[in-house]
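Participant: Quick one, structure for this:
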Amino acid sequence: MESPGVGRHPLADVDQVIHAPARLMVLTYLYVVESADYVFLSRMTGLTWGNLATHLAKLEKAGYVAITKGFKGKKPHSTVSLTMQGRAAFCEYRRNMQSVLGDLPE
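Facilitator: Below you'll find the model as predicted:
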């Protein structure tokens, strides 16, 4: 139970979907591009295909990313983009982390 007049620590409400290191890496790349394919995300994050797919599924279930499946020639090709909800959640996560880390002495 919280003491009267004492607010919650900003990390108490951190978005656990985003906070996982692998998902945070994926979102930081998606934040600065319009969309990315699995090859790009795998190379940039160092995640295996299976691990990447697992984390993307969690982000998609949360509504943070949209996955578009199609073909490039005859080969399957999927792209991932950040949704408006995902962009808002990422911005809120970043604000929370900045408020915590920005106040720490160096």
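Participant: which outside residues touch the helix or strand where Thr54 lies?
Facilitator: Per DSSP states H and E, Thr54 falls inside helix 49-61. Outside helix 49-61, the residues that touch it by CB atoms under 8 Å, 6 or more residues apart in numbering are 17, 20, 22-23, 26-27, 38, 41-42, 45, 47, 65-67, 80, 86. All C-beta atoms are positioned from the backbone trio N, CA, C, and that covers glycine.
Participant: Which pLDDT value belongs to the residue most central in space within the chain?
Facilitator: Note on the chain: the residue nearest the mean C-alpha position is Leu27, at 3.3 Å, using CA atoms, centre = their mean. You'll see Leu27 listed with a pLDDT of 98.
Participant: so what's it closest to, chain neighbours aside?
Facilitator: Phe90 (5.2 Å; CB to CB, 6 or more residues apart in numbering).
Participant: before we move on, back to that, out of the contacts of helix 49-61, who's nearest Met97?
Facilitator: Checking the contacts of helix 49-61 against Met97 with CB to CB, the nearest one is Leu27 at 12.3 Å.
Participant: what sits against the closest one?
Facilitator: By CB under 8 Å, 6+ apart, the residues touching Leu27 are 18, 59, 64, 82, 86, 90.
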